[in-house]
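K.L.:
Below is the structure, and that's it, no one-letter string:
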């Protein structure tokens, strides 16, 4: 069990980052778009 723990944590982190990546990318693109919009004004 102890030997499998690091691999499980690594797999969990990779899966979590894979799930969060699209949301974070969408939020960042929206934030940058709003920032550019305000900067133009």
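P.N.:
Great, that's in hand. Predicted model only: the values in this text are computed from it and were never measured.
K.L.:
Give me the neighbour count for residue 34.
P.N.:
Neighbourhood size, residue 34 [other CB atoms under 10 Å]: 10. Where you see a C-beta, it was placed from the backbone N, CA and C, and this is true even at glycine.
K.L.:
and what of residue 7?
P.N.:
There are 9 residues near residue 7, going by other CB under 10 Å.
K.L.:
again, but for residue 36
P.N.:
Residue 36 has 9 nearby residues by other CB under 10 Å.
K.L.:
how much space between it and residue 23?
P.N.:
21 Å (CB to CB, to the nearest Å).
K.L.:
and if you look at residue 11?
P.N.:
For residue 11, the distance to residue 23 - CB to CB - is 20 Å.
K.L.:
what about the helices in the chain?
P.N.:
4-40 (DSSP state H).
K.L.:
Can you pull the poorly scored residue ranges out of it?
P.N.:
1-2, 37-41 (pLDDT under 70).
K.L.:
what's the spacing between the residue nearest the centre of it and residue 30?
P.N.:
Centroid check for the chain by CA atoms, centre = their mean gives residue 21 as the closest residue, at 3.2 Å. Relative to residue 30, residue 21 is positioned 15 Å away (CB to CB).
K.L.:
Equivalent analysis for residue 7, please.
P.N.:
Distance, residue 7 to residue 30, using CB to CB: 35 Å.
K.L.:
got the buried residues for stretch 10-22?
P.N.:
Under the neighbour-count criterion of 16 or more other CB atoms under 10 Å, stretch 10-22 has nothing buried.
K.L.:
Please enumerate residues in contact with it?
P.N.:
For stretch 10-22, contacts defined as CB atoms under 8 Å, 6 or more residues apart in numbering pick out no residues.
K.L.:
So what's the gap between that stretch and the chain middle?
P.N.:
Mean-position distance between stretch 10-22 and its chain equals 8 Å (CA atoms, centre = their mean, to the nearest Å).
K.L.:
Could you shift the numbering so residue one becomes 22, and keep it that way?
P.N.:
Right, with 22 as the first residue, what we last looked at is stretch 31-43.
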